[in-house]
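*Asks:* okay, here's the prediction I keep looking at, along with the sequence it came from:
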2 protein chains.
Amino acid sequence: MSKALTVSMIVIGDEILNGRTTDLNGSWLSKFLFKKGLEFKSLRFIRDNAEEMTAALNASFFDSDIVITSGGIGPTLDDKTKNTLADFFKKPVVERNDVAELVAENYIRFGRSWTPETNHYHFFPQDFIAINNPRGLAPGLAFFTADKKLVMAAPGVPREFTAMVEEEFYPLIKKEFADRLKENHQCVIRTQGVPEEKIFFELCPTLWQDLEAFGKVSSLPHTIGIDIVIGFTGSQKEFEEKSQKIKELIMKTPLAPHVWQWGNRAIHDMVLEKALEKKCTFAFAESCTGGLTSSKITDLSGSSAVFYGGIISYDNSIKENVLGVQKETLEKFGAVSVECAIEMARGVRELLKTDYAVSITGIAGPSGGSKEKPVGTVAIGIASKEKNTAVLYQFPGDRVKLKDRFSDKALLTLLELME
Amino acid sequence: MSKALTVSMIVIGDEILNGRTTDLNGSWLSKFLFKKGLEFKSLRFIRDNAEEMTAALNASFFDSDIVITSGGIGPTLDDKTKNTLADFFKKPVVERNDVAELVAENYIRFGRSWTPETNHYHFFPQDFIAINNPRGLAPGLAFFTADKKLVMAAPGVPREFTAMVEEEFYPLIKKEFADRLKENHQCVIRTQGVPEEKIFFELCPTLWQDLEAFGKVSSLPHTIGIDIVIGFTGSQKEFEEKSQKIKELIMKTPLAPHVWQWGNRAIHDMVLEKALEKKCTFAFAESCTGGLTSSKITDLSGSSAVFYGGIISYDNSIKENVLGVQKETLEKFGAVSVECAIEMARGVRELLKTDYAVSITGIAGPSGGSKEKPVGTVAIGIASKEKNTAVLYQFPGDRVKLKDRFSDKALLTLLELME
């Protein structure tokens, strides 16, 4: 078997190393390449200058068959990628009619017009391939080196970067390197309610070694627990066989009751799928998570068929006046209590007229904690035709992390309820 | 003046290059270093193996005075950072009583107990400094090389990484390199409603060059517009003088009415500050943004004093039954209309009894668009004692991006309303 095709990425832009912008393209590309069976060899972040870019290109080509850059191909003076690439490969930048045509067509597609006075997009390195930008105006660049390596430059704007890689770069890679593409797989076991050390040192002291027979093992903390990942290369059939064997192995261990998913999907994704399958509607009453749970669900297209909406009862007056939580409940048990959570869930279910409802009321901190109910305490309530109930949990983390954990736990509660 | 202190970071972990986990530490560190006046030289992502780590250490020390690694210092077998660092600096890993004591104390702090059988944390490279982990169990590592460079290894979990850098690593850097720390500044001008090209090629064709007199210029798309950033090194007084001059310069250009902030703060941050200052309460009625706007506000500690809550009226039945939008309004104008937005804002304000309310109803796509109201259309409504009104806008982007843009525009609308 030929060696896996390797890719390096160079993220170009002062704004990223200065902390102004968070790069999203690197992590997107890592997922994309993995799915497509390419090996992501290295990721470098550099500033907008020719010297650093040249050093990064040299290092990347040492690592990899393909180098992808993001950023620095726009119209302004800090966009230096085009000229630096031209210099690197000793190609002059020339006025090119073919690129002018591509750019002009692109502008028309966006309902705008382009002339050579608009910008310098049509000045382009000789022998480079001009790449269509499906979601923006600046054309991308591609160039094959004498030793059949490939460099490609895309814009930094994530929506333009991802579209260009998917729709333009990847087809080019597939065409040129077809014989070297192979499949990567990952078996993922998602657990909850047991710390990493307890899994591998107490519950299942030989599990790690046992799993290594199947591939490369890693263990990763997730919002509500630990994910165990086993990665390997092979056919789809091998993947299915290994997945089955791994499942059988784990089902025999004390870890089994802690597994909530044999796969790698986001909880909100699974919630939506289950609700669509069972045709049941749901709503949330959110206090400390402040709408995050609902926002996760509405990130998914198609959610409007089953997700009716929610009440964000941040202030206790909303819990009372809108959700109908009893004043006595709040006084006697407090807002962060199973009693309050039950009334919130029942209240939102009745108000929004859904099959199911889940409520979240907790302390995300940094203030508001007490000895009995420290920061990280959350009550999650459920309401359905059959029952109204709630459970109190405790999670670690800071405010933003706790919101994320609370909402994922609420989504998992809803998933279990629908099953 | 001595040269700026340079830092490189190595992010270690298969899970990041495989797309399983998104690295948050790199972008956090870039912000932190910038604030502290250190130059972030390079960021490398590598897999959990000694060969790649050795190569990355060599390259990083070539770039930088300080190298920070994240990941791979936990208790499991894929945690290879400690041993690789020891090998790199030719130090044996030995059983160290001082480290055992540190670890044991740390476990007690977390209400757990540690003995040498628990894990191998007390096997530690000779001459390395063991670093306290303020938010976790695994100790960090630090080591000064013969030529006075510094390497530091922290855990990959963001909450542990950031606490260790802030509370342990940075004090160490400050102590050892005090004479080489200097201040970086950025003047940020945040605009809305005008595309990047129009600013620099049409409205203000000499602006870029004019601004370059003050420092390094960059131009960055943000959710609702373009940010112009001018970066330079100098004293606080110089920063204030330059900021003032830049402001005067821009106030004379046609860009002036498009500037909504002379600074670098998130909109939700400014909304909360203004509401606290003016002591006014607010609520949201969110349709397409599904709780995202409320979630942004509740990411901020202290928001409960002014943010009462919200109604997520994803389904039209909620708009009618909970918010009191007229059936006729929905039938005649549709849910995405200024008419509906006004009734939503008024409805939530009356129901939640707040000073102000903002509503958002739009089409985040990918489906649901029409010729008259394409994907990206949003109506943002406001309600106050004085007035109820709404405006229709149009934004580009995919579903998740549009949610973000719609909610930032709603927050900006609220900010303007409170002013």
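*Replies:* Arrived safely. In this text, all values refer to a predicted model and were calculated from it rather than measured experimentally.
*Asks:* what helices or strands is the helix of greatest length in chain A leaning on?
*Replies:* Counting residues, the longest helix found in chain A (DSSP state H) is helix A:399-418. Under the contact criterion of 3 or more Cβ pairs under 8 Å, 6 or more residues apart in numbering or on different chains; DSSP states H and E, helix A:399-418 touches helix A:267-278, strand A:282-286, helix A:292-298, strand A:356-362, strand A:377-383. To be clear about C-beta, it is placed using only N, CA and C from the backbone, and glycine gets the same treatment.
*Asks:* make TSV out of these and add mean neighbour count, distance to chain B and mean pLDDT.
*Replies:* Formatted as TSV, the helices and strands packed on helix A:399-418 follow (neighbours: other Cβ atoms under 10 Å in any protein chain shown; distance: least, Cβ to the nearest Cβ, whole Å; pLDDT from 0 to 100):
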stretch	mean neighbour count	distance to chain B	mean pLDDT
helix A:267-278	18	11	96
strand A:282-286	31	7	98
helix A:292-298	29	3	98
strand A:356-362	30	11	98
strand A:377-383	27	14	98
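*Asks:* if we compare the ones you listed, which one ends up closest to residue B:308?
*Replies:* Relative to residue B:308, the nearest member of the helices and strands packed on helix A:399-418 by Cβ to Cβ is strand A:282-286, separated by 13.0 Å.
*Asks:* where are the low-confidence patches of the stretch 101-250 of chain A?
*Replies:* Applying pLDDT under 70 to the stretch 101-250 of chain A flags no residue at all.
*Asks:* which residues of it fall in helices?
*Replies:* Secondary structure of the stretch 101-250 of chain A by DSSP state H, counting those that start in this stretch: the helices cover A:158-164, A:170-177, A:196-197, A:207-212, A:236-251.
*Asks:* right, so the ones you listed: which one is the most enclosed?
*Replies:* helix A:158-164 (a mean of 22; mean count of other Cβ atoms under 10 Å in any protein chain shown).
*Asks:* what about that helix and chain B, touching?
*Replies:* Yes - legend: contact between helix A:158-164 and chain B by Cβ under 8 Å from any Cβ of the partner chain is shown at A:158-159.
*Asks:* tell me which other helices or strands that helix touches.
*Replies:* helix A:25-36, strand A:150-154.
*Asks:* got these as TSV, with mean neighbour count and distance to chain B columns?
*Replies:* Listed next are those as TSV, based on neighbours: other Cβ atoms under 10 Å in any protein chain shown; distance: least, Cβ to the nearest Cβ, whole Å:
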stretch	mean neighbour count	distance to chain B
helix A:25-36	20	3
strand A:150-154	25	15
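*Asks:* near chain B, which residues of the stretch 151-300 of chain A are found?
*Replies:* A:157-159, A:184, A:186, A:188, A:196-197, A:200-201, A:208, A:216-221, A:227, A:229, A:231, A:264, A:284, A:286, A:288-295, A:297-299.
*Asks:* go again using 6 Å as the cut-off
*Replies:* Residues of the stretch 151-300 of chain A lying close to chain B by Cβ under 6 Å from any Cβ of the partner chain are A:159, A:197, A:200, A:208, A:218-221, A:290-292, A:294-295, A:298-299.
*Asks:* quick one: which helix or strand includes the residue located most distally from the centre of chain A?
*Replies:* Distance from the centre of chain A peaks at residue A:328, with 42.4 Å (Cα atoms, centre = their mean). For residue A:328, the host element (DSSP states H and E) is helix A:327-333.
*Asks:* so how far is the helix or strand that that helix is followed by from its chain's centroid?
*Replies:* Downstream of helix A:327-333, the first helix or strand assigned by DSSP H and E is helix A:338-352. From the chain centre to the centre of helix A:338-352 is a distance of 31 Å (Cα atoms, centre = their mean, to the nearest Å).
*Asks:* contacts for helix A:338-352, please.
*Replies:* A:283, A:285, A:308-309, A:311, A:323-325, A:329, A:333, A:357, A:359, A:361, A:379, A:381-383, A:388, A:390, A:392, B:318 (Cβ atoms under 6 Å, 6 or more residues apart in numbering or on different chains).
*Asks:* do the same with stretch A:145-156
*Replies:* For stretch A:145-156, the external contacting residues (Cβ under 6 Å, 6+ apart) are A:13, A:61, A:65-71, A:73, A:81, A:136, A:138, A:140-144, A:161, A:164, A:169.
*Asks:* please apply the same query to stretch A:237-252.
*Replies:* A:185, A:187, A:214, A:262.
*Asks:* out of these, who has the most neighbours?
*Replies:* Counting neighbours by other Cβ atoms under 10 Å in any protein chain shown, residue A:187 leads those with 24 neighbours.
*Asks:* burial measure for the residue nearest to that one when sequence neighbours are not counted, as a count.
*Replies:* Computed as Cβ to Cβ, 6 or more residues apart in numbering or on different chains, the closest residue to residue A:187 that is not its neighbour in sequence is residue A:230, at 4.5 Å. Applying other Cβ under 10 Å, we find 20 residues neighbouring residue A:230.
*Asks:* which strand residues bridge residue A:230?
*Replies:* residue A:187, residue A:217 (DSSP bridges).
*Asks:* list the contacts for it?
*Replies:* Residues near residue A:230 by Cβ under 6 Å, 6+ apart: A:187, A:211, A:214-215, A:217.
*Asks:* do that again at 10 Å, thanks
*Replies:* By Cβ atoms under 10 Å, 6 or more residues apart in numbering or on different chains, the residues touching residue A:230 are A:185-189, A:211-218, A:242-243, A:246.
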